[in-house]
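Novice: What shape does this take:
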Amino acid sequence: MRINDIFVTNNAVECNWGLLQNFILVWLSLFPTSLLFVLFYNLFSLWIPTIVIICFLPVSIVLYYGIFFLLLLFFSKLYLIIINLIHKPKEGIFKRSLNDKDFLFFLLRRNLKRFTLKIYNYFPLPWAKLLALRILDIKISYNTGVLDSYIDSDFVEIGNNVILGEGSIIMSSMIIGNLFLIKKVILKDGCTIGAFSVISPGTVVEEGAILGMGSYTQVNQYLKQNSIHVGRPAKSWEINK
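Specialist: Residues are numbered from 1 along each chain as shown. Predicted coordinates for the structure are as follows:
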């Protein structure tokens with residue numbers, strides 16, 4: 001497995017439809033936010049001096065900043081629902097071609113979630129990214145530590161008190177030659193994924209299991225409870241014998 005194969009890319013979708021998709025989401029979120037800003041300014045300027053309104057401008061900016069983030073998440077979720085209604089995501093092995101609907105709609109969902117999560121990374125509150133992940137159909141608890149990890153767009157289930165190290169990659173999809181694989185990944189309660197490690201599609205990590213720093217799992221690998229896994233590919237050393 002090569003790191004270059006982790007991210008499924010297609011220039012036609014990413015550069016054309018992807019940019020258009022992002023532009024529509026930003027426009028839908030910014031337009032009502034700007035409309036509210038102008039509306040309230042004009043309304044309050046009838047009774048309140050302009051200098052007072054300017055004094056409260058920093059508070060207003062923070063307020064509209066939050067409104068923009070909520071609207072972005074709302075329209076992202078709405079768009080995701082429409083995509084899933086047209087073609088539901090499913091596990092399996094598919095052709096790496098835009099003619100394959102499973103591959104095409106995976107790219108659309110992934111681009112949508114990647115863009116929204118990138119915006120949410122700039123939000124100052126730490127739970128914001130977790131909120132976005134949950135709204136965008138990733139099963140993850142609020143007590144999970146995600147740090148600067150990458151989480152794939154579909155079929156990822158993360159339990160309570162899971163720690164994802166910095167730079168770790170949780171992928172439920174990958175390219176194998178001209179084929180495209182999607183398989184559910186399950187990280188159960190209390191497991192730890194080390195920094196810069198890679199979880200491959202189909203991996204199941206049981207409670208209390210640890211994947212060491214810089215390691216990666218094989219497709220469909222099972223990391224049993226209370227064990228440490230280290231290596232490329234990861235091999236097991238039991239904690240309790």
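Novice: Give me the helix or strand of this protein that scores worst on average pLDDT.
Specialist: helix 11-12 (a mean of 46; mean pLDDT, DSSP states H and E).
Novice: Show the subsequent helix or strand relative to that one.
Specialist: Using DSSP states H and E, the next helix or strand after helix 11-12 towards the C-terminus is helix 18-44.
Novice: pLDDT of that next one, averaged?
Specialist: Helix 18-44 carries an average pLDDT of 78.
Novice: and the longest helix for this structure?
Specialist: Longest helix in the chain, counting residues (DSSP state H): helix 57-86.
Novice: quick one: Ser92 from Ser173, how far?
Specialist: Careful, residue 92 is Gly and not Ser. 11 Å (Cβ to Cβ, to the nearest Å). In this view, the C-beta of every residue, glycine as well, is placed from N, C-alpha and C.
Novice: Quickly note the distance from the closest residue to Ala209 other than its chain neighbours to Ser173.
Specialist: Closest residue in space to Ala209, ignoring its immediate chain neighbours: Leu223 at 4.3 Å, by Cβ to Cβ, 6 or more residues apart in numbering. Distance, Leu223 to Ser173, using Cβ to Cβ: 19 Å.
Novice: Give the other helices and strands that the one helix or strand Leu117 maps to contacts.
Specialist: Secondary structure from DSSP H and E places Leu117 in helix 101-120. The contact analysis (3 or more Cβ pairs under 8 Å, 6 or more residues apart in numbering; DSSP states H and E) places helix 101-120 against helix 18-44, helix 57-86, strand 92-95, helix 128-135, strand 179-182.
Novice: before we move on, back to that, I figured the residue nearest to Ala209 was touching Gly208, is that so?
Specialist: No - using Cβ atoms under 8 Å, Leu223 makes no contact with Gly208, being 9.9 Å away.
Novice: Neighbour count: these two, which is higher?
Specialist: Leu223 (23 against 19; other Cβ atoms under 10 Å).
Novice: for that one, which residues make a bridge with it?
Specialist: With DSSP bridges as the criterion, Leu223 is bridged to Val205.
Novice: Could you report the neighbour count for Ile199?
Specialist: 29.
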